[in-house]
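Colleague: quick check, what structure comes out for this input:
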Amino acid sequence: MGLAERASATMAEALLVAAEVGDDTGDAILDLFRNAFTEAITVTGLAGAGVMAFAAIWVLVMLQGASAHHDLAFVVERERDNEREHEKPSPSSNTDCEDV
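Modeller: So this is what the prediction gives:
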């Protein structure tokens with residue numbers, strides 16, 4: 001495998017080849033490596049930001065009109081209704097009736 005193939009294989013290989021070659025050629029390989037790395041990170045970051053922006057817009061559209069306060073008020077009201085039902089005496093336990 002030639003130096004050019006090794007340098008283009010991985011980041012670590014590019015650094016090793018630059019160290020082996022040295023001088024101006026090694027510096028040129030390092031500059032190419034840095035530029036390629038910086039461009040790759042920039043593209044990846046922009047793609048990630050685009051995905052996050054799309055997801056945020058999608059969530060806003062899907063949750064439009066939904067209200068957490070309304071949902072919580074419904075839950076609290078339902079719990080109060082359940083408590084009221086349990087507090088009512090059952091007809092069989094009524095002690096006000098006279099024995100016949």
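Colleague: show me where the protein has its strands.
Modeller: For the chain, strands defined by DSSP state E do not occur.
Colleague: what residue is smack in the middle of it?
Modeller: M52 (8.1 Å; CA atoms, centre = their mean).
Colleague: confidence score at it?
Modeller: Looking at M52, its pLDDT stands at 98.
Colleague: also V59?
Modeller: pLDDT at V59 comes out at 93.
Colleague: where are the low-confidence patches of this protein?
Modeller: Along the chain, segments meeting pLDDT under 70 span 67-71, 88-100.
Colleague: can you show me the helices along it?
Modeller: With DSSP state H applied, the chain shows helices at 3-9, 11-21, 23-62, 68-87, listed in chain order.
Colleague: name the stretch among those helices that sits most buried.
Modeller: helix 11-21 (a mean of 15; mean count of other CB atoms under 10 Å). (Each C-beta comes from the backbone N, C-alpha and C, glycine too.)
Colleague: off-centre distance for it?
Modeller: Helix 11-21 sits 36 Å away from the centroid of its parent chain (CA atoms, centre = their mean, to the nearest Å).
Colleague: perfect, I'm done here.
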